[in-house]
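Enquirer: No letters, just coordinates:
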């Protein structure tokens, strides 16, 4: 049985062109992701799912396996992640002859997720009291202040009946959000549910800085400042 780390890294990106090859602190996002899972000491194989030969070559140089390319229909802007993961799992098992037991999934776009986070997530999963483990970080905004825009130019509270309201952010210590740094789930659980999050859910914590996610150029600018200031 194998613990497989899967890193999705398609070539196209509108918000940040060639995003997965962009540098933060002198290292590309794909290199950082591969280094984090390889350095964790809890992963047997590291697979990168990409449609792009340049990303594939960068991933191989970093120490990942890229034995096949992702089909074009799974690499466009509208392709959901579920079919991408299912394709990667099936193609990897077929190509390698290895049965995956545990899936460790991480996004290359979270540059400050590190080997320690991955190791802690797998260790938490191995306590065997949860079906999945995710990384979380502090919630930055009060949940009762989330609104949805309608077509008439009005706002409606997205959470109409919150369990609690908060006078101060300091009162929100027990609230958190998904950080996208690392997910751990059993292969069979993922195949059965089609989701990376299955209850009961365990968690590992990341700071707000560690959870920076690169979606736009401004995120890349912030990440570069963080990398320089903190030596990350």
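Expert: Arrived safely. Small disclaimer: the values here were computed from a predicted structure and weren't measured.
Enquirer: Strands of this protein, start to end?
Expert: Remark: strands assigned in the chain by DSSP state E are 2-8, 23-24, 27-28, 45-49, 100-105, 132-138, 147-149, 155-157, 176-186, 201-205.
Enquirer: now those strands in a markdown table, with mean neighbour count?
Expert: For the C-beta atoms, the positions are set from N, CA and C on the backbone; glycine is no exception. Below are the strands of the chain laid out as a markdown table (neighbours: other Cβ atoms under 10 Å):
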| stretch | mean neighbour count |
| --- | --- |
| strand 2-8 | 23 |
| strand 23-24 | 19 |
| strand 27-28 | 20 |
| strand 45-49 | 24 |
| strand 100-105 | 22 |
| strand 132-138 | 21 |
| strand 147-149 | 10 |
| strand 155-157 | 10 |
| strand 176-186 | 22 |
| strand 201-205 | 17 |
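Enquirer: count of residues packed around residue 212?
Expert: 25 (other Cβ atoms under 10 Å).
Enquirer: Which residue, other than its chain neighbours, is closest to it?
Expert: Spatially, and ignoring its direct neighbours in sequence, residue 212 is nearest to residue 223 (5.4 Å; Cβ to Cβ, 6 or more residues apart in numbering).
Enquirer: Can you get me a residue count around the one you found?
Expert: 25.
Enquirer: same deal with residue 41?
Expert: By other Cβ under 10 Å, neighbour count at residue 41 equals 10.
Enquirer: Do I have it right that residue 169 meets residue 142?
Expert: Yes - assessed by Cβ atoms under 8 Å, residue 169 is found in contact with residue 142 at 7.1 Å.
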